[in-house]
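>>> pasting the sequence and the predicted coordinates here, then a few questions.
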Amino acid sequence: MSARRKAVAEGVAYWWRGRLHSEREAPQLAIPLKLVKIEAVEWLCPKCGARAEWDPEPRCPRCGARCEPRTLVEEVPELVDAMEALERAFNRVCKARVRGAVLLEPFSPLLPLFAWRVLDVELPDGSRLVGVYAGKPRFLKRGFHTGDGSTTTFELPGNLAAIVWSGGVVECLVFEVEEPQKLVELLSG
Ligand SMILES: [Zn+2]
């Protein structure tokens with residue numbers, strides 16, 4: 001029995017770097033995702049069994065016969081956003097809670113005042129975890145919106161910052177976790 005089939009039977013799959021795992025073989029930071037049922041229709045040739053590419057009334061690409069629809073029920077992992085995915089992953093290792101998020105790019109007036117550990121970890125929604133920082137995240141806030149050029153700093157509550165890249169936007173997601181250093185090490189490993 002493959003890992004995927006087994007995971008389907010349990011109704012939950014563990015997602016890590018683009019692959020699904022069963023609970024037993026899932027890496028420590030794998031993200032638990034519910035499997036949801038979706039219906040899909042495929043068009044098959046009644047004569048030779050070939051699959052047509054499109055509908056309506058598709059023709060068989062091999063023999064030209066009219067194809068017939070067949071409904072499939074598939075179980076696919078639910079799509080969760082980066083923040084939810086990371087909170088679930090961190091919670092498998094230690095207690096973790098979301099504490100906030102700030103936009104860093106492209107035109108953000110915020111400059112992070114910390115150096116993050118560079119990573120490249122794909123998340124289920126297609127975004128990428130590109131860095132982590134263990135400690136209180138502090139930012140320099142540039143006041144160019146008001147035209148006075150002033151700067152201030154501010155901190156977000158929490159002790160683990162996750163830098164996520166998603167479609168051209170970079171966000172800093174902040175979590176309060178029990179073991180920030182351990183999570184950084186696991187993510188870097
Ligand atoms: Zn055919």
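On my side now, so go ahead. Numbering: from 1, shown residues only.
>>> contact residues of this structure facing the ion?
Counting by CB under 5 Å from the ion, the residues of the chain close to the ion are Cys45, Lys47, Cys48, Ala50, Cys60, Arg62, Cys63, Ala65. The way it works is simple: take the backbone N, C-alpha and C, and place the C-beta from them, glycine included.
>>> drop anything exposed from the residues you listed.
By neighbour count, with 16 or more other CB atoms under 10 Å, the residues of the chain next to the ion hold Cys45, Cys60 as buried.
>>> tell me which element Glu87 falls in.
Using DSSP states H and E, Glu87 falls within helix 82-91.
>>> what is that helix packed up against?
strand 31-44, strand 96-103, strand 160-166, strand 169-177 (3 or more CB pairs under 8 Å, 6 or more residues apart in numbering; DSSP states H and E).
>>> same for the third one, what does it pack against?
This points to strand 160-166. helix 82-91, strand 128-134, strand 169-177, helix 180-188.
>>> next one: the first one
With contacts defined as 3+ CB pairs under 8 Å, 6+ apart, the secondary structure elements packing on strand 31-44 are strand 12-16, strand 68-77, helix 82-91.
>>> which of these has the lowest mean pLDDT?
The weakest mean pLDDT among those belongs to strand 68-77, with a mean of 88.
>>> quick one: strands adjacent to it?
Applying DSSP bridges to the sheet, strand 68-77 is found paired with strand 31-44 (antiparallel).
>>> how about Gly131, what does it touch?
Residues in contact with Gly131 (CB atoms under 8 Å, 6 or more residues apart in numbering) are Trp116, Arg117, Val118, Leu119, Ala162, Ile163.
>>> just the buried ones from these?
Trp116, Ala162, Ile163.
>>> turn those into a markdown table, columns for pLDDT.
Formatted as a markdown table, these follow (pLDDT from 0 to 100):
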| residue | pLDDT |
| --- | --- |
| Trp116 | 93 |
| Ala162 | 97 |
| Ile163 | 96 |
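>>> out of those, who's nearest Ala96?
Ala162 (10.5 Å; CB to CB).
>>> wait, that closest one touches Pro180, no?
No. Here Ala162 does not reach Pro180: they are 10.6 Å apart, not a contact under CB atoms under 8 Å.
>>> can you list residues touching both of those two?
With CB under 8 Å, 6+ apart as the test, Ala162 and Pro180 reach no residue in common.
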